[in-house]
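In: what follows is a predicted protein model with its sequence.
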Amino acid sequence: MIRRLLLIGLALLIAAPAAAAPSKIRVSLKTSEGVIVIALDMKHAPITAGNFLAYVDQKKLDGTSFYRAARAVGNPKRGFIQGGVHRDARRSLPPIAHEPTSKTGLRHLDGTISMARREPGTAMGEFFILVGAAPSMDAQPGGKGDTAGYAAFGQVVSGMPVVRRILAARTWPQGSGAMKGQLIKQQIRIIEAKRAG
């Protein structure tokens, strides 16, 4: 009888599927303007979401800042905020492979978090959060020039009012290139980044 029960138990263990890793992991960014909670999409963008989670788990984002408020021309309530390690080699992890939206199926919608980069495959520890949809940031296969887009990897689930306040922060009028008029005068501190329940 005991042997039979042990064999049944063993058969159930073998037949049971292994515990799957969660497809969404929440991260809390405690900033000097309030808390932003993001759900990382580990299923569709495992490389990019995993990279961001490594920065969180290794405390590399603690003490960094949101330093850029890129407001849309003609509609300053839309655009994106950018933050992260910003040229701090001591905090940077190696660059990661690019996961374009054409492969992940994710899109740059209101509240999407995505990786900043130069060329595809150069993303490290800088990221941005959208206010309003930006389909132009999605991959555009078949287009001319750099059509790889940016690597979306999650969505804000709480704290969009904080994101909007950061987008409205006062910026320096000077500057050059794409960042002209977008650098925040008093950078918004990322006090702590950690996994959230």
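Out: Arrived safely. Numbers count the residues shown, from 1 in each chain.

In: now for residue 34: which residues touch it?
Out: Neighbour list for residue 34: 159, 161-162, 165 [criterion: C-beta atoms under 8 Å, 6 or more residues apart in numbering]. For the C-beta atoms, the positions are set from N, CA and C on the backbone; glycine is no exception.

In: among these, which lie within helices?
Out: Assignment to helices by DSSP state H places the following of the contacts of residue 34 there: 161-162, 165.

In: just the buried residues of those.
Out: Buried subset of the ones in helices among the contacts of residue 34 (neighbour count, 16 or more other C-beta atoms under 10 Å): 162, 165.

In: okay, now residue 111: neighbour count?
Out: Close neighbours of residue 111, defined as other C-beta atoms under 10 Å, add up to 21.

In: pretty sure it sits against residue 160.
Out: Yes: distance between residue 111 and residue 160: 5.8 Å, which falls inside the contact criterion (C-beta atoms under 8 Å).

In: pull up the overlap in contacts between the two.
Out: Residues touching both residue 111 and residue 160 (C-beta under 8 Å, 6+ apart) are residue 131.

In: model confidence over the helix or strand residue 130 falls within, on average?
Out: Using DSSP states H and E, residue 130 sits in strand 126-131. The average pLDDT within strand 126-131 is 98.

In: name the element residue 49 belongs to?
Out: helix 46-57.

In: got the buried residues for the next helix or strand after that helix?
Out: Using DSSP H and E, the helix or strand that directly follows helix 46-57 along the chain is strand 64-72. Neighbour counts over strand 64-72 (16+ other C-beta under 10 Å) mark 64-71 as buried.

In: export those to CSV and tack on pLDDT and distance to residue 197?
Out: Shown next, in CSV, are these (pLDDT from 0 to 100; distance: C-beta to C-beta, whole Å):
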residue, pLDDT, distance to residue 197
64, 97, 23
65, 97, 25
66, 97, 24
67, 96, 29
68, 96, 29
69, 97, 29
70, 96, 31
71, 95, 33
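
In: and the two most separated of the residues you listed?
Out: Farthest-apart pair in these is 64 and 71; separation 21.4 Å (C-beta to C-beta).

In: can you show me the helices along this structure?
Out: Under the criterion DSSP H, the chain carries helices at the ranges 2-15, 46-57, 101-104, 160-167.

In: those helices: lowest mean pLDDT?
Out: The bottom spot among these, by mean pLDDT, belongs to helix 2-15, with a mean of 42.
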